[in-house]
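Chemist: Show me the folded form of this:
(2 chains)
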Amino acid sequence: MKLRVLSSAAEAAITLEFEKYPDKRSVLLHALRVAQQETGYLSEEAMRDVATLLELTPVQVYDVATFYTLFHLQPVGKHVIYACKSLPCALVGASALCRHIQNRLGVGIGETTSDNQFTLKQTECLASCGSGPMVQINDNYYEYLTPAKVDRLLDDLRARGKSDLASKPFKIPNVTGA
Amino acid sequence: MAGFVHLTIDGQGIEVESGTPLIEAAKQAGAEIAHFCYHPKLKPDANCRMCLVEIEKMPKLQTSCSTPAAEGMVVHTASNRVKQAQEGVMSFLLGNHPLDCPECDQGGECQLQDFAHQHSPTLSPFSEEKRVFDKEYFGPLIEKEMNRCVSCLRCVRYCDEVLDVNALGSIDRGTMTQIGGFAHHELDCEFCGGCIQICPVGALTSRLSMYDYRPWQVKKTETICNYCGDGCELTLESINNTVVRTSSKLGTGRNTGDLCVRGFFGYGAIGHKDRLTRPMIRRGNHRLQITWKGAVESAVAALKKIVETHGPGSVGGVISAHCTNEEIYLFQKLLRQGIGTPHVDSSTRYGYVNAITGLHKVFGTTRLARYEDVVGADVLLVFAGEMTETNPIAALKVKEAVRKHNATLIAVDAYTKQSDPFRSHLPRLAKYHLQILQGAESLAIVGLTKALLENPVLSEGDFSPLFLEQVTKSVALFSFEEIHAATGISQEAFSQAAAAYAGATRGVLIFGRAITGSEEGYINVVRLAHLAILAKQVGRPGTGILALASENNAYGAIAMGGLPEYLPGFSPANGAGYTLPGMLDACERGEIKALYLVGENPLRSLPQKNVQAALSKLDLLICQDLFLSETAAIAHVVFPAVSFAEKEGRFTNQEGEVQRVRKAVEPVGNAKTDLEIFSMMGAAIASSSAAGVPAVSFDYANSEAVWREIMATVPDGFHTDSAEAVSQHVAVYAQQAIELAPPVVISKRRNPDEFDLQVGQALFHSGRMSTYASGLTTLLSSAIVLMHPSDSDRMGVEEGEQVTLRAGSGTVCLPVKTSLKVQPGTLFVPEHFSLDVKRLLPLAFDPTTGVPYSTRGRVTVSKQKIS
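Modeler: Reported below is the predicted structural model:
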């Protein structure tokens, strides 16, 4: 079985999961994640490789890949911004904030800046409704955003690759008060 | 077995089988529930929410497609709650639907139209803009108009559950969900047209007939498809004497409404511009158009002279198994009784005759399994890896058995287990796949038989000692090691497969051209019959054997006596008649002076044989055909015949099912049905007393009159033999001496540039006729060579690049298409286009049946030099 773009390490990481599931198709989400980690985005070749490994047709892979905003079907920049567009964030100004990000970066939704630093995506609820408007950038949340905060964090990311505006890891509140 | 439950639907008490979905129960009670995603062929999906019903004691409305009827249920299908809910669903659907009914091909037969009429609210609550999709095409044959889609996913589910192709997905899910292929590419699938047929709206329609008709304007004629032996019921839809579309009604026919690409897109040959429209005779090097009277008189005068000088035995005739039963019956009557010659044959000589004569010898009948047996089998042993291409609808029955009813599939063939994307492939579904080397079928059967003889389950059987002794002897020649070396299959694999087959409650054996049309064909059919007897999978209800036919009336051609072995009704002929290859030899020797070919084109089908030389010695060559074939081009007399769409009669499919063929359109030009032509010829011969045989009547009013004569002559010709009758015949057979030649071992390939070549049928075509159908030539219009990617990589050949196939002094250049299903070291070339590739193959003849074998050979392959 010859693969087009995935390495033998990726193949091993995918096939290793087979025994955990009743059929190979169940490994699809995991396999897509491995493929995206290795190649940066899900190219047609990468999806065909996943189809080959899971004994699916390419469209069965594409079907799932197009549903999730966390899967990229185009090459993305260093920082992927997922801007929440669901109702709670929208009520506190997410639409205007998203427009601000677009103007600031000079890209539309789904596009990548010419310096390959930022890709802007819109997404449904990220489960941070009490702290909107918010965005996720790569693996970090940025909450209670204002245009000024957005400007600062984009500058930080461009300059240093990280920003201290990122939310701290979420801890489950200690309800007993102990 | 399923019991029955009693429930009340809209106040009416009804009894249904338990497990029946409410939507079906309601139909039985006379209430049609509006629906989109429900379809009887598919598992319930309950995604469209249209079929909601109110069930007493259940707080919420339920989808009637996914709720099984239960004892004591009280169901309301038209209460106010239900009405309101359905209007809500309809509002959502119509909120996005473009309502472009006046220009939509589905208009008039659209479920959305019909149900909207009944269920839509007067005013729409929506003022938003409708969603609009970018225009995309599903390739040259399928029109995709996603704005009309109601996202019921019937097409996606049909493509998966029924076809096992999975070419469609619901992509970009969310507000812009659409049906699509991989990465929005055009489809590259089996093009069965099933998605078009199953779409409740006009989202998927045929581009072949776009804007050609309104559904209520077409004349619908229910007939039988004329391509392969599956015998599918087909509705020809015509306007102004032109077939504009084909379809098949859900649940009807042996195909229960499913069609393949040839049935759905292959009707273009019917009214093709190259059809012959007038009789012709040859004068020197010219063909002259002539009246029917002149043509028939000229043919009969020449025939009369030949019979007077050389006797009736100097005349031979071959008819295509695409003709109707009535025509084939009349043809053999014309030759046998009208002229008095025993030399009658049909195109079943290319292989199917092996199946029928072999099975008939062992079982006394050949109708041993029906599609219901295939669907209901718990174990299927299939010697036809290419079945999804040669007999797509019969293959659907296998898929149904395996996918829906968890049958165990044992596949024995020279293909890999892998399929190409968007193609179904039986070996992929097989629990036991015995992937044999090309040409190793005989030894594979021997291996299975040998494994079975060593299996303790056999001791339970009650076999005649003589039969057991003879079969044991016939497989004793080879050890399992030798069989392994020759087939590539281990003893363990044989044992497992044989145990699974013999352990079946209802085992069905299926074989196709890999057996019947390839070396040792006849003897392999007999070997398979023995295997089925030993495994006790024949002669019991639900078990049996199905031989696949590549021609629509192959079974009928044999049952009607269109061959030298049998008179009509399988009664043995005297054996003096020549087979088709025998006739060609007799032409060459000068023994046969006149040949009457109906839909037969030996110049094309046997290019290795010097057919040209044989035919050029004839005093009279009559060709009756739809098109000016290579052979018709050199004929003395050419009669223009009509296609299946222009005539009445009956075809008998590979199960032995006799089905009515009905006339949809008038014949083109002055063409006549074969039946009319035979009647005219017969009458002319009978009236000429000098023919020297007693006058036989050829005066028939129509095909029904011929059928009545057939039924009177051969009342037993079509009866289905009972399981007991088969068992009795087997008991008699088992007491006889059986002579089986030992299987032939195919030599191994020696060099890496040496390949095993198989020439055969491609999915998109059937014989030559399909190459006149524009829908099919759009998909495949010239020969290609399928090669495994490991071979093309090794040779450095790119997809589409030309390679040279060489055998002896012959060479052929073909473009490469890589395919995962052909084994490394083997090549496949479709037979429908180039004659040259067949010239690379050796020609051999079956010692018993004379079947010409010319589909396999060995070639060397080289990358073509760029000159």
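Chemist: Quick check: residue B:765 vs chain A, distance?
Modeler: Distance, residue B:765 to chain A, using Cβ to the nearest Cβ, to the nearest Å: 23 Å. Any C-beta I mention is one placed from the backbone N, CA and C, and that applies to glycine too.
Chemist: what do you get for residue B:604?
Modeler: 36 Å.
Chemist: So for stretch B:473-485, what gets flagged as buried?
Modeler: B:474, B:475, B:478, B:480, B:483, B:484 (16 or more other Cβ atoms under 10 Å in any protein chain shown).
Chemist: First-to-last residue distance for that stretch?
Modeler: 20 Å (Cα to Cα, to the nearest Å).
Chemist: give the contact list for the residue lying closest to residue B:108 once chain neighbours are set aside.
Modeler: Distance criterion Cβ to Cβ, 6 or more residues apart in numbering or on different chains; nearest residue to residue B:108, sequence neighbours excluded, is residue B:215 at 4.1 Å. If you count contacts by Cβ atoms under 8 Å, 6 or more residues apart in numbering or on different chains, residue B:215 has them with B:106, B:107, B:108, B:109.
Chemist: neighbours around the second one, how many?
Modeler: Pointing back at residue B:107 there. For residue B:107, the neighbour count with other Cβ atoms under 10 Å in any protein chain shown is 16.
Chemist: Over to the one 4 residues further on?
Modeler: For residue B:111, the number of neighbouring residues by other Cβ under 10 Å comes to 17.
Chemist: any idea how far it is from chain A?
Modeler: When residue B:111 is compared with chain A (using Cβ to the nearest Cβ), they lie 24 Å apart.
Chemist: Please name the nearest non-neighbouring residue to that residue.
Modeler: Residue B:111 sits nearest to residue B:200 (Cβ to Cβ, 6+ apart), 3.7 Å away.
Chemist: now do residue B:496
Modeler: Per Cβ to Cβ, 6+ apart, closest to residue B:496 is residue B:432, 6.0 Å.
Chemist: Equivalent analysis for residue B:336, please.
Modeler: Spatially, and ignoring its direct neighbours in sequence, residue B:336 is nearest to residue B:344 (6.3 Å; Cβ to Cβ, 6+ apart).
Chemist: Quick check, the one you found in contact with residue B:333.
Modeler: No: checked against Cβ atoms under 8 Å, the pair residue B:344 and residue B:333 is beyond contact range at 9.5 Å.
Chemist: quick one, which of those two is more surrounded?
Modeler: Taking other Cβ under 10 Å, residue B:344 and residue B:333 do not tie; residue B:344 has more neighbours (31 against 24).
Chemist: Please name the bridge partners of that one.
Modeler: residue B:317 (DSSP bridges).
Chemist: pLDDT score for it?
Modeler: As predicted, residue B:344 sits at a pLDDT of 98.
Chemist: Please tell me how far it sits from residue B:337.
Modeler: Look at residue B:344 and residue B:337: by Cβ to Cβ, to the nearest Å, they are 11 Å apart.
Chemist: Contact partners for the residue nearest to residue B:336?
Modeler: Residues near residue B:344 by Cβ under 8 Å, 6+ apart: B:316-319, B:331-332, B:335-336, B:561-564, B:577.
Chemist: Greatest separation within those residues: which pair is it?
Modeler: Within the contacts of residue B:344, B:316 and B:561 form the most distant pair, 14.9 Å apart (Cβ to Cβ).
Chemist: give me the number of residues near the residue nearest to residue B:808 when sequence neighbours are not counted?
Modeler: Excluding its sequence neighbours, the residue lying closest to residue B:808 (Cβ to Cβ, 6+ apart) is residue B:840, at 7.7 Å. Applying other Cβ under 10 Å, we find 23 residues neighbouring residue B:840.
Chemist: Residue B:840 touches residue B:810, doesn't it?
Modeler: Yes: at 5.0 Å, residue B:840 counts as touching residue B:810 under the criterion of Cβ under 8 Å.
Chemist: Can you say which helix or strand has the residue in chain A that chain B sits nearest to in it?
Modeler: For chain A, the residue closest to chain B is residue A:63, as judged by Cβ to the nearest Cβ, at 3.4 Å. Per DSSP states H and E, residue A:63 falls inside helix A:58-65.
Chemist: What's the per-residue pLDDT of the one residue in the stretch 651-800 of chain B that gets nearest to chain A here?
Modeler: Chain A sits closest to residue B:789 of the stretch 651-800 of chain B, with a gap of 6.6 Å, by Cβ to the nearest Cβ. pLDDT recorded at residue B:789 is 95.
Chemist: which residues sit in contact with it?
Modeler: Here residue B:789 is in contact with A:2, B:818, B:820 (Cβ under 8 Å, 6+ apart).
Chemist: Most neighbours among the residues you listed, which one is it?
Modeler: Tallying neighbours with other Cβ under 10 Å puts residue B:820 at the head of the contacts of residue B:789, with 21 neighbours.
Chemist: phi, psi of the closest residue in space to that one that isn't next to it in sequence?
Modeler: In space, and not counting its chain neighbours, residue B:820 is closest to residue B:418: 4.2 Å by Cβ to Cβ, 6+ apart. With angles defined as degrees, to the nearest 10, residue B:418 sits at phi -80, psi 150.
Chemist: Check whether residue B:418 really touches residue B:821, as I assumed.
Modeler: Yes: counting by Cβ under 8 Å, residue B:821 is a contact partner of residue B:418 at 6.2 Å.
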